[in-house]
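Participant: structure here, sequence nowhere to be found:
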């Protein structure tokens, strides 16, 4: 199923300011993306002498890499300094261990096959005396980084929204017409001049991250 994209513009008159020489408005656009992945939480238990490469080796078939690692934990009792007096040997079932956790985003279309692979891997790891134990669970849905990067706001479109909004205020005030842009600022860009914004619209990077807002100040020209 192709992810759906909902794009809408929000023009807030409550954020508009009108004085004798200028009008300032804030125009924003929000992007709502439909999740295209299932987030899986994978845990591998191992002995303390196992390296990350040893953990990743059986997970390569499902696309897990070092980038998916979210943490490694060791039981607190084994992180403390040993007591000064000798203690009995630890029974095999209670040997100190490490727990490796991974987060994996799986496309919705591949979820069934991935879960089947994980189930088989869980059984085989437990049967081949590797010293590893695997468990996993579904965390929920998420939007993939690829989809997030593919959808963004275009500066020229938000500037057009701001001009339309400012024009309505100028028309309502009467006796004035909308002039040039005096200043532009954004929580995404920081502060930027109109020249900089114009430059963005002419080069290959005229985009802002999803959830974009511009505050634009226009000059007001009074009728003679």
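Facilitator: That came through, no problem. The structure presented is a predicted model; accordingly, all values stated were derived computationally and were not measured.
Participant: mind listing what's buried along the longest helix along the chain?
Facilitator: Looking across the chain with DSSP state H, the single longest helix is helix 155-173. For helix 155-173, a neighbour-count test (16 or more other CB atoms under 10 Å) marks 155, 157, 158, 159, 161, 162, 163, 165, 166, 168, 169, 170 as buried. All C-beta spots, glycine's among them, are computed from the backbone N, C-alpha and C.
Participant: and the residues you listed, which is closest to residue 214?
Facilitator: The closest of the buried residues of helix 155-173 to residue 214 turns out to be residue 158 (CB to CB; 4.9 Å).
Participant: so that closest one versus residue 27, what's the distance?
Facilitator: 5 Å (CB to CB, to the nearest Å).
Participant: do the same with residue 117
Facilitator: Taken as CB to CB, the span from residue 117 to residue 27 is 47 Å.
Participant: then residue 48?
Facilitator: 57 Å.
Participant: before we move on, what about residue 65?
Facilitator: 41 Å.
Participant: who has more neighbours out of the two?
Facilitator: residue 27 (25 against 11; other CB atoms under 10 Å).
Participant: tell me what the more buried one is bridged to.
Facilitator: residue 11, residue 214 (DSSP bridges).
Participant: pretty sure it contacts residue 156?
Facilitator: No. Under the criterion of CB atoms under 8 Å, residue 27 makes no contact with residue 156, lying 11.8 Å away.
Participant: please work out the average pLDDT along the one helix or strand residue 178 maps to.
Facilitator: Using DSSP states H and E, residue 178 sits within strand 176-186. The pLDDT scores in strand 176-186 average 87.
Participant: show me what it is packed up against.
Facilitator: Strand 176-186 sits against helix 155-173, strand 190-192, helix 194-200, strand 212-222, with contacts defined as 3 or more CB pairs under 8 Å, 6 or more residues apart in numbering; DSSP states H and E.
Participant: could I get the buried residue list for that strand?
Facilitator: Neighbour-count burial for strand 176-186 [16+ other CB under 10 Å]: 176, 178, 179, 181, 182, 184, 185, 186.
Participant: identify, from these, the entry nearest to residue 128.
Facilitator: residue 186 (55.9 Å).
Participant: measure the nearest residue to that closest one once chain neighbours are set aside to residue 26 for me?
Facilitator: If the residues on either side of it in the chain are set aside, residue 186 comes closest to residue 214, at 4.9 Å by CB to CB, 6 or more residues apart in numbering. According to CB to CB, residue 214 and residue 26 sit 7 Å apart.
Participant: verify the stated contact: residue 134 with residue 44.
Facilitator: Yes. Using CB under 8 Å, residue 134 is in contact with residue 44, at 5.3 Å.
Participant: any idea which helix or strand carries residue 148?
Facilitator: helix 145-150.
Participant: what is the rounded mean pLDDT of that helix?
Facilitator: The model assigns helix 145-150 a mean pLDDT of 78.
Participant: swap in stretch 74-94?
Facilitator: 51.
Participant: for stretch 30-49, same thing?
Facilitator: pLDDT averaged over stretch 30-49 gives 87.
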